[in-house]
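Colleague: here is a sequence together with a model predicted from it:
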Amino acid sequence: MRNKDSGDKKYYRVLNILNRLNAGPVRIADLSAEFDVSARSIQRDLERINLTGFHLDTPRRGVYTFAEGVSLKSFNLSSEQLSVLVLMSEMAGGMGGAIKEAFDKVFARATSAAAEDSPFYAVGPRSLNPLTRRFYEDITFAIEHHKKLRVRYASTGGARERVLCPVKIIASESFFYMMAAVDGGKPVMFQKFRVDRIKRLEILPEEFPPPPPGLIKRIIGAATTIWGVNEGKKIKVELKAGGAAADFLRSKEILPGQKISRPAADGSITVKAVIHHPMEVVPLVLHWMPEITITAPADLSAEVKHRVDAYLRKQRAGE
C-alpha cells in the first residue's frame, strides 16, 4: 500500500471511523488492520475527532466510544460534512490565533444550532450507506501505481469476475464510480463501474501502461452528470423552458456548456448544449415537465414520450 498518508486517505478514514463510533465502540487494532495503517495513524484520527468536539471515552485500553449523549444524530450535518470539519479543525489549530477562534465559532454554530436555524441545513436525499467506499484506498493505490485489479462486479446482468485497469474515481449523486479499461480490450476504451457493486477486489502485481496525457480529462470534459462521462458521438440538444424550470436552468450549469437565450416576452428561455448521452437530458425533462420541452433533436423528444407512455401504461395496468 502507499506510504504517504494523503488528505483523501485521512478523509475517508475519519468518515468511516465517525460512522463506526456512531454504531458503537471501536478498537484501534481492528481499524489499523482494516485500513492497513499503523496503530498510531488510527490514534491520530481519534485524537482529531476528539479535539474537534466529538468527545470520546476509553472504556478500556485500545477501545474508544462516543461519550454519553454524543451521537451523529445530535448534529445537523451529514457524516461527510462532519468528517470535513474534523480535518479543517486540525488545519485551523495549526494556524492558531484568530483562525482557530473563527473555526471554533463556525463549528459550534454548525453543530449545536437547531436544524431549522442552522445555516448549513440541507434539504434533499442523503446517502443511505456512506460506507460503500471501503475499496476507495485500494482503487486509489491501483490508479496511482498503474496496477491491474481483479474484481467481482455485480451488474444488472449478474455478478462475474473481470480484470480492470483503473484510471479515475468519479463521484456523482452519492455514488462512486471507477473509470477503467477492461484488460484485454481496447486500451483507451473506458467503462464506469459503481464502487458499491464491487463485491470483491484484489490488487494484482501486473501493471498497465497509463493512458496518454490529457485523455481522461478530455473524456470527462464538461460533464455535469455521470452520463456525460462517455466516449462516442456528440448530440446537439435544444430545450425550451418556462416558469420555475427557466429559473432553475438560469441559476446553474445543468447541462455541459449550456447556452441560454435572453428571456422571451413570456419569460421562457431557449437552452442549447452538446451532450454525450440521452440520459443527461431525459431525467431533467421528466422532472420539470410540462414547463420544459425538447425542441431538438426529434429522437430525444421521442425517447421522453416513450418513457411517459410506458409509465402511464403501467399505471393503468395497476388500477
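Modeller: Sure thing, it's come through. Residues are numbered from 1 along each chain as shown.
Colleague: burial count for the closest residue in space to residue 148 that isn't next to it in sequence?
Modeller: Leaving aside its chain neighbours, residue 148 sits nearest to residue 204 (4.4 Å; criterion: Cβ to Cβ, 6 or more residues apart in numbering). To be clear about C-beta, it is placed using only N, CA and C from the backbone, and glycine gets the same treatment. Using other Cβ atoms under 10 Å, residue 204 has 14 neighbouring residues.
Colleague: surely residue 204 is within a strand?
Modeller: Yes: read with DSSP: H, G, I helix; E, B strand; the rest coil, residue 204 is one of the residues of a strand.
Colleague: which residues touch it?
Modeller: Residues in contact with residue 204 (Cβ atoms under 8 Å, 6 or more residues apart in numbering) are 147, 148, 149, 150, 163.
Colleague: nearest to residue 83, of those residues?
Modeller: For the contacts of residue 204, the residue nearest residue 83 by Cβ to Cβ is residue 149; the value is 25.6 Å.
Colleague: re the thing from before, which among the contacts of residue 204 count as buried?
Modeller: For the contacts of residue 204, a neighbour count by 16 or more other Cβ atoms under 10 Å gives the buried set as 147, 148, 149, 163.
Colleague: can you pull out the helices in the chain?
Modeller: Per DSSP state H, the chain carries helices over the ranges 7-23, 28-35, 39-52, 79-95, 97-112, 136-145, 215-220, 243-251, 282-288, 298-318.
Colleague: what's the second one packed up against?
Modeller: Spelled out, that is helix 28-35. Helix 28-35 sits against helix 7-23, helix 39-52, with contacts defined as 3 or more Cβ pairs under 8 Å, 6 or more residues apart in numbering; DSSP states H and E.
Colleague: which positions within it qualify as buried?
Modeller: 28, 31, 32, 35.
Colleague: ok, and for stretch 41-55, which residues are buried?
Modeller: Neighbour counts over stretch 41-55 (16+ other Cβ under 10 Å) mark 41, 42, 44, 45, 46, 48, 49, 50, 52, 53, 54 as buried.
Colleague: distance to residue 199 and pLDDT added to those, as JSON lines?
Modeller: Below are these laid out as JSON lines (distance: Cβ to Cβ, whole Å; pLDDT from 0 to 100):
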{"residue": "41", "distance to residue 199": "27", "pLDDT": "87"}
{"residue": "42", "distance to residue 199": "26", "pLDDT": "90"}
{"residue": "44", "distance to residue 199": "32", "pLDDT": "85"}
{"residue": "45", "distance to residue 199": "27", "pLDDT": "86"}
{"residue": "46", "distance to residue 199": "30", "pLDDT": "88"}
{"residue": "48", "distance to residue 199": "32", "pLDDT": "80"}
{"residue": "49", "distance to residue 199": "30", "pLDDT": "82"}
{"residue": "50", "distance to residue 199": "35", "pLDDT": "78"}
{"residue": "52", "distance to residue 199": "34", "pLDDT": "71"}
{"residue": "53", "distance to residue 199": "37", "pLDDT": "70"}
{"residue": "54", "distance to residue 199": "32", "pLDDT": "75"}
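Colleague: from the residues you listed, which two are the most distant?
Modeller: For the buried residues of stretch 41-55, with distances taken as Cβ to Cβ, the pair at the greatest spread is 41 and 53 (21.2 Å).
Colleague: could you pull up phi and psi at residue 268?
Modeller: Here the main-chain torsion angles of residue 268 (degrees, to the nearest 10) amount to phi -80, psi 160.
Colleague: which ones are touching it?
Modeller: Residue 268 sits next to 240, 241, 242, 246 when contact means Cβ under 8 Å, 6+ apart.
Colleague: show me how to select, in PyMOL, the buried members of those residues.
Modeller: The buried residues among these can be selected in PyMOL (16+ other Cβ under 10 Å) with this line:
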select buried, resi 240+241+242+246
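Colleague: could I get the contacts of residue 268 as JSON lines with distance to residue 264 and pLDDT?
Modeller: Converted to JSON lines, the contacts of residue 268 look like this (distance: Cβ to Cβ, whole Å; pLDDT from 0 to 100):
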{"residue": "240", "distance to residue 264": "9", "pLDDT": "96"}
{"residue": "241", "distance to residue 264": "11", "pLDDT": "94"}
{"residue": "242", "distance to residue 264": "9", "pLDDT": "94"}
{"residue": "246", "distance to residue 264": "10", "pLDDT": "93"}
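Colleague: nearest to residue 170, of the contacts of residue 268?
Modeller: Taking Cβ to Cβ as the measure, residue 170 lies nearest residue 241 of these, at 27.5 Å.
Colleague: low-confidence stretches in this protein?
Modeller: 1-8, 73-81, 89-100, 102-134, 173-174, 187, 319 (pLDDT under 70).
Colleague: can I see the domain layout of it?
Modeller: The domain map for the chain lists 7-112, 136-220, 235-318, with the assignment taken from automatic domain parsing.
Colleague: tell me how far residue 42 lies from residue 135.
Modeller: Remark: distance between residue 42 and residue 135 (Cβ to Cβ, to the nearest Å) = 19 Å.
Colleague: since that was my last question, I'll sign off now.
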